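K.L.:
need a 3D model of the following:
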Amino acid sequence: MKIQKKDFIEIDFTGKTNNSVVFDSTFKKELEKLHSEHEHKIEAKPFSFCLGEGMFLKELDDFLIGKEVGKEYKTELTSENAFGKRNSSLIQRIPARIFREKRVNPFPGASFNFDGRIGKVLAVSGGRIMVDFNHPLAGKDVSYKIKILRKIDNPKEKVKALNDFLFKRDFDFKINEKDKKLIFSVEKPFVKIIELFKDKFKETLGLDVEVNEAKKESDKKRRKERS
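P.N.:
The predicted structure follows:
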């Protein structure tokens, strides 16, 4: 079975730099090698996504279109087609007071989130800190080994895959197939967040989105006691 754009698929993969260093994988044995470089444990599981919808590297999306389910493939990407070339303008001096305000101690090799941008500290000198905002793999050629495990046809699995990609959360939802509507029931802080992605759900799944605020357990309990 060949896969096409807009298909949801599940894959196993391993990504390596041109000197064979693993930087990403769905395999436990490979992820264990990376644990020392991550604060949080990374769960080893296959990756589910919609082909051609920006959920994977574009070059890999394009490469996988037309490939066969159940087969394993290998492809090599130049830095330009992977994570981009290094850009010297993304190496910036940051005043030390910025770190003091955030109550963090900068040291070479440390990475911090600066208003949504991840920067790696290169050097600490006096009142200014050199920070590199390039992607950690910028300027590196990489290779991927990918096995296409299956095509996903279950609508709920598709929604869960998109939820995981967009929000890194497993929200409560139901699908009204008759009205082609996806109905979320979430806590108040997430209502507007999900509404921002209504077009993405419509484009990817062909479903209109309705977001309802979930009732708290305490509210349910009070109503039950009154009844």
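
K.L.:
CA atoms for contacts and neighbours, from now on please.
P.N.:
Fine.

K.L.:
and K202, what element?
P.N.:
helix 198-205 (DSSP states H and E).

K.L.:
quick one: that helix to chain centroid distance?
P.N.:
Centroid separation for helix 198-205 versus its chain: 17 Å, with C-alpha atoms, centre = their mean, to the nearest Å.

K.L.:
quick one: average pLDDT of that helix?
P.N.:
Averaging pLDDT along helix 198-205 yields 96.

K.L.:
elements contacting that helix?
P.N.:
The contact analysis (3 or more C-alpha pairs under 8 Å, 6 or more residues apart in numbering; DSSP states H and E) places helix 198-205 against strand 208-213.

K.L.:
what are the pairing partners of the strand it packs on, and which direction each?
P.N.:
strand 181-186 (parallel) (DSSP bridges).

K.L.:
run the angle between the partner strand and helix 198-205 for me.
P.N.:
130 degrees (axes from the mean of the first three to the mean of the last three C-alpha atoms, to 10 degrees).

K.L.:
next structured bit after strand 181-186?
P.N.:
helix 188-195.

K.L.:
what's next to that following helix, contact-wise?
P.N.:
V209, V211, N212, E213, A214 (C-alpha atoms under 8 Å, 6 or more residues apart in numbering).

K.L.:
give me the buried subset of these.
P.N.:
V209, V211 (16 or more other C-alpha atoms under 10 Å).

K.L.:
what's the domain layout of this structure?
P.N.:
1-84+139-153, 88-132, 154-227 (automatic domain parsing).

K.L.:
can you tell me which of those domains is most buried?
P.N.:
domain 1-84+139-153 (a mean of 16; mean count of other C-alpha atoms under 10 Å).

K.L.:
now the helices for the chain?
P.N.:
With helices called from DSSP state H, the chain shows them at 28-34, 58-64, 96-102, 155-167, 188-195, 198-205, 217-226.

K.L.:
A82 is nearest to which of the ones you listed?
P.N.:
Closest to A82 of the helices of the chain is helix 58-64 (C-alpha to C-alpha; 7.2 Å).

K.L.:
which of the helices of the chain comes out lowest on mean pLDDT?
P.N.:
helix 217-226 (a mean of 51).
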